[in-house]
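1. got a predicted model here, sequence first, then my questions.
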Protein chains: 2
Amino acid sequence: MNAPVVRVGVLGCGTVGSSLISLLQRQRATIGSRTGLELEVTRVAVRDASRSRGVDLPAGALTTDAASIVSDPDVDVVVELMGGVEPARTLVLEALAAGKPVVTANKALLAAHGPELFAAASAAGVDLLFEAAVAGGIPFVRPLRESLLGEPVHRVMGIVNGTTNFILTRMTEAGADYAEALAEAQALGFAEADPTADVEGHDAAAKIAIVATIAFGAAVTADDVVVEGISGITAADIAFAARHGFVVKLLAVAELTDGADGPQIGVRVNPVLVPETHPLASVRESFNAVFVQGDAVGDLMFYGRGAGGDPTASAVLGDLVDAVVNLRRGAHATIGGLEPARIRPADEGVAAHYLSLQAADRPGVLAAVAGVFGEHGVSIASMEQEGAGTDGEARIEFVTHRAVERDLRATLTALRDLDAVHSVGSVVQVLTEEEGS
Amino acid sequence: MNAPVVRVGVLGCGTVGSSLISLLQRQRATIGSRTGLELEVTRVAVRDASRSRGVDLPAGALTTDAASIVSDPDVDVVVELMGGVEPARTLVLEALAAGKPVVTANKALLAAHGPELFAAASAAGVDLLFEAAVAGGIPFVRPLRESLLGEPVHRVMGIVNGTTNFILTRMTEAGADYAEALAEAQALGFAEADPTADVEGHDAAAKIAIVATIAFGAAVTADDVVVEGISGITAADIAFAARHGFVVKLLAVAELTDGADGPQIGVRVNPVLVPETHPLASVRESFNAVFVQGDAVGDLMFYGRGAGGDPTASAVLGDLVDAVVNLRRGAHATIGGLEPARIRPADEGVAAHYLSLQAADRPGVLAAVAGVFGEHGVSIASMEQEGAGTDGEARIEFVTHRAVERDLRATLTALRDLDAVHSVGSVVQVLTEEEGS
C-alpha cells in the first residue's frame, strides 16, 4: 500500500494509549482501504520512557518531553490522553495553534476549559474531537453534533459513571447496602481506593457539562452543575423503589427550561428513582447510556461501555480517522458560536421527590406532617407508613408531585423543626412522565 | 442572512415529506448558523398536485413529474421519499449521474439494489445517504460507518420493526394472544390492514440486509436473509419465556461466522427468547433498537423511534445537512469496495432453541423423545413437562444447547415421526451468552 502516511503523536500511554496503538496497528489495512490513508504513531510522550508498554513502536518514538511532540513539524495530528487540566490544556492549545487537529479523551480538561479550547480550534481551522471524553466507547457526541444538527434537543439524561451504576446495580439486585457494594466495586477494580470523584458525582458533573455545551451550544462548565452523589442512598431507599416499580440511578441531566427572562439551562447530577419500564432502568452493572429527547426525533438512547482501554480507544480511533480525513480535505468540524450559558439557579429546579422520615408513632403526627407540605406548596402524591416499631417510632415515606426545589427545601427545614419528626432521611428525585419521555 | 442557498428537490410528499419540509423551515436559522448554508425546498414531486399538504411551499413547487426534478439544473440535492423499487431506482440513479447527492429513506430500494446504487454514488463522487432507511429516527447508520470505522464489528442484532415489537409487548405485558394483539395494533394504526410484510419479517429482512452491507462491507440483499415471522408465537410461548426470565422479541441479526472456506455472513430474522436483563429486552411498544457488538468497543445499543413522520424526517434532515456540507466542500462519504457476500447457508446457523411438543402422557415417552435429540447431536439444556391433562396428553417444553440448524431440523422431523408425539409446537431461538454479549 502506498497510501499517504499521516503521522500521529500520542500524549500519554496508559491503558487507553496502549489500546489505541494496538488497535491502529490491527486495523491498518481496513483504515487504509476505507480512507486511502495510512495512520502511523510516530511519537509517544510518557512519564517513564524505560517502562515497557507492550506495544510495537518505532525506535526513539518514546519521549518524556510532550511539548516536543506538539511542536514537531513531523507530527500531523495529536492525541491527548494525559488527563488532568495542566499541562494538557497548554499542550492542546499549542497543537491547535500549530494547525494540528487534536483528539482528546480528557473530560476534566473539557469540562473546565471547553469553550476556550473550542474557540482555539475554530480559530485555527482544525478539529478538536472528544468522543471518548463523555461516555467512553459510546458513539454519542458525533450524532449529537451531526445527525441531530437540524433538531432542537430539550433534554439529555445520562448514566455516565460506571462505578456508581455498578454500586447501585449491586444494591438493587443483590440487596447489598452501600458500604458492601462499594467494597465489592473496589475489590473488582470498578472503584478507586478513594472513590470520592465517582460516588459524589463529580466525574458525572464534568461529563454533563460537556454534553450541555454541545447539546445547547452554550458555554457550560463543571462549576455550573448542581451535584449530589449516591453515598446517602440506603438499602431502605432501594427497597422502597423496588416496591413501587422503580430502580435508583445516578442521572446526569442537562435540560432547557423556561426561566423568568427566557430559556435557562439546568444541569445537575443526582440519584433518581427511574421507572423500571424506562430504557435507562435497563442499564446495569458498569454500562453507561445517554438518553436524548429531541423535538422531532423523540426519545433516543445510546448505550455501551463508558470506560475501559479498548472501548475508549475505539472511540478515540473513530475521532482520529475523522480528523485525518478532514485534515486531508482541508475541512474541520467546529463547535462554533458558543453563547454564554444562562444557568438555572439550583433552587429553581422542578421535580418530584421521594423522601422518608422517622417520626413519633402517635395520633396527629401525620396530619401535622402533611400540613407542613401543604403550607409550602408541595403536593403529596402518595404516602406510606412502615409497620410501627416497638420504640414508638414510625418510618413514613412520601412521594411528592413535581415542586420547585426552593419549596421542597423549605418543607424539609420545617419538617425538621417539628417535634414529632425525629429525623428526615433520604430525599431522592423521582423521574416522572414529564421528564421521562 | 445572505448564506448561499442550496436548492432541495423532494420526491414524494407523504407523512415524512411534509414533516421534513416543516422541520427544515423551523430549523432554518439553526442550520444556517451552524453550516453557513440556507436549505430551501424548491421542488416537490407528488402524485396529486391538487391535494393540500399543510406545508408552505413556493408557488409552482409541486409537480407530478418526478423525473423533471431529477434533471432540473436548479436542483442541487434530491431527497427520495417515494418508497418502492421503481421508479425510485431509476430516479436515484439519474440524480447521482447528474452529480446530485441523494438522501433516501427507502429500505426496499436499498435492500434490493443497494450495491448498484452505492457503486453509482461512488462513481459520480456524490453522497448517497440513508440514515432513515433502517431504523427511522435512530442515528445509527452514521456511527456504524464513521465512528466504528476502525472497529471490526462481528454481530448486529436489531429490533427494527415497530409493529411486531408492539404486538409482542402486548402479548407479554397484557397477556393478549397473537390475534388480539394484532387487532389492537391495527386499531391504533401500528399495523396495516394486511400486516404480512411486518408480521412475517419481510420489512425487518430488508433492513438487516442494509445493515449487513454497511457493517461488513459486502453486498447483502434481502434475498439472502433467512426469515421467520411472529404469527406462530402463542400465549403459551410467551408464558414459558416469562417463567424462565425471557421476553420474546423479533430480532434481525447479521453476524460474521467461520465457514468451512473462511468467514461467512449469516443474516436472519426470527423470534428469539431474549433474557430479561439484556438491553434489547427493555425495548418496548413500537420502539426500535440496534445492538452492535464490536471487537474493541464491546456492546453498543442505539435506541429510538423506528418510524413516524417527525422522527424519520429528523434522520433525513441530518443526512441532508451532511450532504449539502459535503457538496460545498467537494467531498462525499462512500460505501466503497463492497465485496461479494459469502452468505452462510440457512442450515448452517448455530443456535439454542426452545421448543414445545404435545405427546402421549405415558411411561417411556420422555426417554424416546430425549433419545431422538441425542441421535441427532442436539443436546438438551432443560426440560419441563406441564401438568398432564385429563386427555392423556402432556405438553413438554425443551431448551436445547446451541446446535447446528441442520441437526435441529432433522430432530424435529424425527420427533414428528414418533407415534407418541402428537404435534410439535413452536420452535423459537434462545439468545445465549455466546451471542448476547
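-> That came through fine.
2. only C-alpha atoms for contact and neighbour calcs from this point on.
-> Will do.
3. A:Ile343 and chain B: what is the separation?
-> As judged by Cα to the nearest Cα, to the nearest Å, A:Ile343 and chain B stand 21 Å apart.
4. just give me how far the longest helix seen in chain A sits from the chain centre.
-> In chain A, with assignment by DSSP state H, the single longest helix is helix A:309-329. In terms of Cα atoms, centre = their mean, to the nearest Å, the centre of helix A:309-329 is set 21 Å apart from its chain centre.
5. tell me what that helix is packed against?
-> helix A:15-26, helix A:28-35, strand A:77-80, strand A:102-104, helix A:131-135 (3 or more Cα pairs under 8 Å, 6 or more residues apart in numbering or on different chains; DSSP states H and E).
6. give the buried residues for that helix.
-> A:309-327 (16 or more other Cα atoms under 10 Å in any protein chain shown).
7. spell out which parts of the stretch 51-200 of chain A neighbour chain B.
-> Proximity of the stretch 51-200 of chain A to chain B, by Cα under 8 Å from any Cα of the partner chain, involves residues A:137-139, A:142-143, A:146-151.
8. out of the helices and strands packed on helix A:309-329, nearest to A:His332?
-> The closest of the helices and strands packed on helix A:309-329 to A:His332 is strand A:102-104. By Cα to Cα, the value is 11.1 Å.
9. what sits against the residue lying farthest from the centre of chain A?
-> Distance from the centre of chain A peaks at A:Pro363, with 46.0 Å (Cα atoms, centre = their mean). Residues counted as contacts of A:Pro363 (Cα atoms under 8 Å, 6 or more residues apart in numbering or on different chains): none.
10. ok, A:Leu117 - contacts?
-> A:92-93, A:110, A:128.
11. repeat that with 7 Å
-> A:Leu117 makes contacts with A:Leu93, as judged by Cα atoms under 7 Å, 6 or more residues apart in numbering or on different chains.
12. do you know how far it is from A:Ala219?
-> 11 Å (Cα to Cα, to the nearest Å).
13. go on, A:Glu397?
-> On the measure of Cα to Cα, A:Glu397 and A:Ala219 end up 39 Å apart.
14. settle it for me: which of these two has more neighbours?
-> Neighbour count, other Cα atoms under 10 Å in any protein chain shown: between A:Glu397 and A:Ala219, A:Ala219 has more, with 24 against 20.
15. bridged to that one, which residues?
-> Note on A:Ala219: beta-bridge partners by DSSP bridges are A:Pro340.
16. and what of A:Arg155?
-> Beta-bridge partners for A:Arg155, by DSSP bridges, are A:Glu255, A:Gln293.
17. what residues are up against it?
-> Contacts for A:Arg155 were tallied using Cα under 7 Å, 6+ apart; they are A:254-256, A:292-293.
18. which pair of the residues you listed spans the longest distance?
-> Spatially, the most separated pair among the contacts of A:Arg155 is A:Leu256 and A:Val292, at 12.3 Å (Cα to Cα).
19. more neighbours: which of those two?
-> Higher neighbour count among A:Leu256 and A:Val292: A:Val292, with 25 against 20, using other Cα under 10 Å.
20. grab the nearest non-local neighbour of the more buried one.
-> Among residues not flanking A:Val292 along the chain, A:Val156 sits closest, at 4.5 Å (Cα to Cα, 6 or more residues apart in numbering or on different chains).
21. run a quick neighbour tally on the one you found.
-> Counted with other Cα under 10 Å, A:Val156 comes out at 25.
22. A:Thr213 sits in which helix or strand?
-> In the assignment (DSSP states H and E), A:Thr213 maps to helix A:202-216.
23. which strands and helices sit next to that helix?
-> helix A:107-124, strand A:246-259 (3 or more Cα pairs under 7 Å, 6 or more residues apart in numbering or on different chains; DSSP states H and E).
24. now the ones you listed in CSV, with mean pLDDT?
-> Shown next, in CSV, are the helices and strands packed on helix A:202-216 (pLDDT from 0 to 100):
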stretch, mean pLDDT
helix A:107-124, 93
strand A:246-259, 95
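25. most packed of these?
-> Mean neighbour count (mean count of other Cα atoms under 10 Å in any protein chain shown) peaks for strand A:246-259 among the helices and strands packed on helix A:202-216, with a mean of 24.
26. what are the contacting residues of it?
-> With Cα under 7 Å, 6+ apart as the test, strand A:246-259 has contacts from A:154-159, A:164-165, A:168, A:204-205, A:208, A:212, A:238, A:241, A:263-276, A:281.
27. show the buried residues in those residues.
-> Neighbour counting by 16+ other Cα under 10 Å classes A:154-159, A:164-165, A:168, A:204-205, A:208, A:212, A:238, A:241, A:264-276, A:281 among the contacts of strand A:246-259 as buried.
28. can you pull the contacts of the spatially closest residue to A:Phe398 that is not a sequence neighbour?
-> Excluding the flanking residues, the one nearest A:Phe398 by Cα to Cα, 6+ apart is A:Met383, at 4.5 Å. Taking Cα under 7 Å, 6+ apart as the criterion, A:Met383 is in contact with A:397-399.
29. could you list the buried residues of the helix or strand A:Met383 falls within?
-> A:Met383 belongs to strand A:380-385 when assigned by DSSP H and E. Across strand A:380-385, burial judged by 16+ other Cα under 10 Å covers A:Ile380.
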